[in-house]
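Participant: Need a 3D model of the following:
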Amino acid sequence: MAEQFAVDGQVGAEKLDELLVLGHENQHLDYKKYWDLSKAGVKHRLDLVMAVAAFSNTKLGGYIVVGVDGNGSTSHDEPIIDVAQFDEADIAQIVRSYVSGLPALTVKNHEVEGRPISIIYVAPSADRLPVIFLKDGELQPGNPKAGVKFRRGQVYVRKGTRCVPAEHADWSEVLSRNNDSVRTEARGPLNDVLRRLLAAAGDTDAGSVADLPVAVDFDQDLDIFTEAVGAVRPSQYGELRRLLRRRVRSAAWDVKTPWEIEDVSSVVDRLLVIGAFGIREESDDLVDAVIDGLTYLYRMPINERAGERGGAMVWRTIGAGVAALGGVAVREDAWSVVRRLALPAKFCPVPEEHGEPEYMSWMRHAVTMAARAEVLGYTSNGNVLPGGLVRFARQTASRVAALSADVRNAPEVLSSEFEPSDQDRILDSICRFDYLWCVLAYMADSSSDIHQTMPGFAAFYQQRTVPIVIELVNDLEMRNLLSPGASESEWAGAIRDLDDVASRQAMQINWGHWKAAAFPPVERFVAENTTP
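Facilitator: Sure, this is the predicted structure:
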């Protein structure tokens, strides 16, 4: 089963709210009412070690939230945790004293309803090898008869909501990351040769570049593929587009095993690399070829009549990828690209199986279908986790380096509204794309009221998104590029109505606040271009 929320390593206030709103434990999330990690709290220390070891050996890792009950609510009937005990270095030292391996973790302490809560994110083991217990986890050191939590030599994994010893069937997943590493190392000499060829191509004079073949292969490791795409010259774009089309049409996906999407997701990642390259190089032909490729893959479950749930993982993967690519377009001020990503002309509106137009944007379709298949996360009261696709888009941008290459090592513009750890220009741009596709989809069919929108951006600090709304109302050229021919009254009405939808969505999250129209430029634009 796919992960139900984005296991992205974030530990800020927005992530805490997401984890609490989920309201139930799963393979990647563990709630703990109280832990005493002092030397006297041996049982809790052993529970910590066992949980960290299990998450380290589990694909994607996981989160431990300490200070809440099994529903994600603050534990008012339990003692208050001592945040001094939840120091990242101290916790790492406790774990290392019991295990062999390289568990990697991040810790951040918060306060909710006046009570301290700690988030511990445990990443998959840093060296890709299993984390193994070095010694028995004795409840009374030196007295095994008092009880043992785990045994020397055991490997633990996370199954459902439990941390358990690995069984035969678990070893494939436990060793999968190491197997990937071995394959990567085996390709190392070939990758070195490819890098030298790419460097040589970069030194070749422009007159002879057209004679060089495109050194791009969709089976290359993603980092080598990214370098190879970056070395493609404008005279080779046509060949790259033809290569792209051939690989897209050979992507393997079977309606009988709809959740097995490894080949599709691999192709999607590489399309995103080419798309980011095309946006930065201002190549509309490359960008359009990528959009055509993504829509071809998106159609596969529809063409195969896979049903609402059958194509959910394909749709979620592509929807998250499009949002991450939209973030690149936002950062590059590529507004016509934003429009084409939000509403691909060859595909939107997205038809339902009976052939009637339903969703003006495939983004809305992706959110809906992923939610119905329960792969966007559900809150404790049965509602879809707000902002789920935005979170998966942020995860995609972390995995596919080309989607964040322009931000790396760039200085952040600090704001008094954020803690330094909450500064995230990539997430900001994804939230802004999310706003733009919502407003464009609404304008494409305002008669449907809220049906065409699903404002995931409202699940995050409004300061992440409001700047794009202010820019939108202040920039006529931007509006014309996003929606040629749209009137000011259409824009104002869409902004006003989307505000209402977003404010209701935001109420599902703890801070529950969204109101772009409260900012003077937006308020003025709406007032001047709508009738009371």
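
Participant: any idea which helix or strand carries the residue lying closest to Ile119 once chain neighbours are set aside?
Facilitator: Of all residues not flanking Ile119 in the chain, Val11 sits nearest, at 4.6 Å (C-beta to C-beta, 6 or more residues apart in numbering). The C-beta positions use only the backbone N, C-alpha and C, and glycine is treated the same way. Of the helices and strands defined by DSSP states H and E, none includes Val11.

Participant: Would you check how far apart Val11 and Glu18 are?
Facilitator: 11 Å (C-beta to C-beta, to the nearest Å).

Participant: again, but for Asn480
Facilitator: Counting by C-beta to C-beta - Asn480 and Glu18 are separated by 36 Å.

Participant: Tell me which of those two has more neighbours.
Facilitator: Glu18 (27 against 13; other C-beta atoms under 10 Å).

Participant: ok, now which ones touch the more buried one?
Facilitator: Each residue near Glu18 by C-beta atoms under 8 Å, 6 or more residues apart in numbering is listed here: Phe5, Leu385, Gly387, Arg391, Ala459, Ile509.

Participant: can you give me how far whichever strand or helix holds it is from the chain middle?
Facilitator: Using DSSP H and E, Glu18 falls within helix 13-22. The chain centroid and the centroid of helix 13-22 are separated by 15 Å under C-alpha atoms, centre = their mean, to the nearest Å.

Participant: How about stretch 484-502?
Facilitator: With C-alpha atoms, centre = their mean, you get 28 Å for stretch 484-502.

Participant: Check stretch 32-49 too.
Facilitator: On C-alpha atoms, centre = their mean, the centre of stretch 32-49 falls 31 Å from the chain's centre.

Participant: Let me see the mean pLDDT of that stretch.
Facilitator: Across stretch 32-49, pLDDT averages out at 95.

Participant: For Met454, pull up the helix or strand it's in.
Facilitator: Counting by DSSP H and E, Met454 is found in no helix or strand.

Participant: Wait, it touches Trp362, no?
Facilitator: No: applying C-beta atoms under 8 Å, one finds Met454 not in contact with Trp362, separated by 11.9 Å.

Participant: just to revisit the earlier point, test my guess that the residue nearest to Ile119 contacts Ile117.
Facilitator: No: using C-beta under 8 Å, Val11 is not in contact with Ile117; the gap is 11.1 Å.

Participant: returning to that earlier point: right, and out of the contacts of Glu18, which lies closest to Gly153?
Facilitator: Phe5 (32.8 Å; C-beta to C-beta).

Participant: Next, count neighbours for that closest one.
Facilitator: By the measure other C-beta under 10 Å, the count of residues near Phe5 is 24.

Participant: Find the nearest non-adjacent residue to it, please.
Facilitator: Distances taken as C-beta to C-beta, 6+ apart place Gly377 nearest to Phe5, at 4.1 Å, with adjacent residues excluded.

Participant: ok, now Pro141?
Facilitator: Val42 (7.4 Å).

Participant: OK, contacts around Thr106?
Facilitator: Gly9, Val11, Glu88, Ile120, Tyr121, Ala123.

Participant: Next: His513.
Facilitator: Gln462, Ser503, Ala506.

Participant: Narrow the contacts of Thr106 to those in strands?
Facilitator: Among the contacts of Thr106, the ones falling in strands (DSSP state E) are Ile120, Tyr121, Ala123.

Participant: just checking, the residue nearest to Phe5 touches Gln4?
Facilitator: Yes: Gly377 is within contact range of Gln4, at 4.6 Å (criterion: C-beta under 8 Å).

Participant: any common contacting residues for those two?
Facilitator: Leu22, Leu385.

Participant: These two: which is more packed in?
Facilitator: Neighbour count, other C-beta under 10 Å: between Gly377 and Gln4, Gly377 has more, with 27 against 19.

Participant: could you list every residue that touches Gln505?
Facilitator: The contact partners of Gln505, taken as C-beta under 8 Å, 6+ apart, are Pro386, Pro455, Gly456, Ala458, Ala459, Trp514.

Participant: Now do the SS call for it.
Facilitator: Secondary structure for Gln505, judged by DSSP: H, G, I helix; E, B strand; the rest coil, is helix.
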